[in-house]
Structures are given as C-alpha cells and as structure tokens.
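> Okay, predicted coordinates and the sequence, questions at the end:
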Amino acid sequence: MNPEIKECSDRKVVGLSATMKQNEHHKIPELWKRFMPRKKEIKNLVSEELIALQIFPEGTKVEIIDEYYIWACVEVSNFETIPKGLEVFTIPNGKYAVFLHKGMDASATYHKIMTEWLPTSDFKIDNRPHFQMMGRNYENGSDDSEEEFYVPVKAELHI
C-alpha cells in the first residue's frame, strides 16, 4: 500500500447526512438512494464525482467506532443556490493519504489502511473527515470499480 500524500484545499459539499453506529451499514445504501435523485437539483457542481464522507468524533480509535456521521454528497463551487432539504459542509484543508481502491470490499481496504499501513508510516490520523471520491471509474457492484480513499493524516512526531 503506497498512498499518494496530497495537500488538499477546503472542499464545499452539498448532500445528505445520517448518523451511523458500527453495525448499521444498511444506512449507507439507504442514504445514497435518497441522495441520488436529488443530485440533479444541484446547479453549481465542481465535477460529477460523488463523495462518501465520514466524520468521526475526536479521539475515535479504528477498533472502537461507536457513532459517527456519514454523508452522500458532491463538491460545489459555493453555497449560494442550495436546494431545499439538502445540507452543506466544508471539508477542511489539510494533508491526506490517498489510496486507490479497486473492487467492492471497501471495508477490507480501509481496515488494511488503518491496521497495516498507518502503524508503519510516518503519519497518524488527523481529526478531520475521511472521504472517498467516486469518479468515472466507479461502478457500484462491479469488481472493476475504482475509487480513491482520502485519509486525513499529520506527521507523527518521533522523540
């Protein structure tokens, strides 16, 4: 696992969110089913890429994820014309480790990032949202599907 380390600017996103507990993975497709018909109402898209966003409470450990927020969203240029009923959020700027994920077992890839790559890297998790970018090579349900995992990181201080 060799991620690309990227410095990302703020991203303004519009979409729908929900709270999720560890064993409530059924909420993810439900959220996307509610959001996708509304996407066409958003007029100021930066691109057609979809963004799956997770916001964890500060101090969350990968082994103990209790409750967190999930988003189905897209990036917009501004918040001036937001359709009624949709929510806005700004993903803060910062450094991200970006991993290419292929196939449909996203949880296995994420687990490898957290338990194999992270402990051997020079980074630790930063308290910012995690997100996945699903562009033209994303194909839900396909083993050939591709998406990028953005994991917020900061340099690990070695003493």
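Yep, that arrived.
> tell me the centre residue of this structure?
Geometric centre of the chain, nearest residue: residue 131, 1.3 Å, by C-alpha atoms, centre = their mean.
> which residues does it form a beta bridge with?
Beta-bridge partners for residue 131, by DSSP bridges, are residue 53, residue 150.
> what do you get for residue 97?
Counting by DSSP bridges, residue 97 is bridged to residue 5, residue 151.
> Just confirm residue 119 is within a helix.
Yes. Read with DSSP: H, G, I helix; E, B strand; the rest coil, residue 119 is one of the residues of a helix.
> pLDDT-wise, which helix or strand of this structure ranks last?
helix 106-112 (a mean of 87; mean pLDDT, DSSP states H and E).
> one step back: contact partners for the residue nearest to the centre of the chain?
51-54, 91, 150 (C-beta atoms under 8 Å, 6 or more residues apart in numbering). Placement of C-beta: from N, CA and C, glycine included.
> Just name the closest of these to residue 106, please.
Comparing the contacts of residue 131 against residue 106 with C-beta to C-beta places residue 52 closest, at 8.6 Å.
> what's the nearest residue to that closest one if we skip its chain neighbours?
residue 132 (4.5 Å; C-beta to C-beta, 6 or more residues apart in numbering).
> So what's the residue count around the one you found?
Burial of residue 132 is recorded as 21 neighbouring residues (other C-beta atoms under 10 Å).
> ok, it to residue 29 distance?
Between residue 132 and residue 29 the computed distance is 14 Å (C-beta to C-beta, to the nearest Å).
> again, but for residue 126
Taking C-beta to C-beta, one finds residue 126 at 28 Å from residue 29.
> picking that back up, ok, the residue nearest to residue 52 - contacts?
51-52, 101, 106, 147-150.
> follow-up on the earlier one: more neighbours, residue 126 and residue 29?
Ranked by neighbour count (other C-beta under 10 Å), residue 126 and residue 29 place residue 126 first, with 16 against 11.
> longest helix of this protein?
helix 27-39 (DSSP state H).
> quick revisit: filter the contacts of residue 132 down to just the buried residues.
Among these, those classed as buried by neighbour count (16 or more other C-beta atoms under 10 Å) are 51-52, 101, 147-150.
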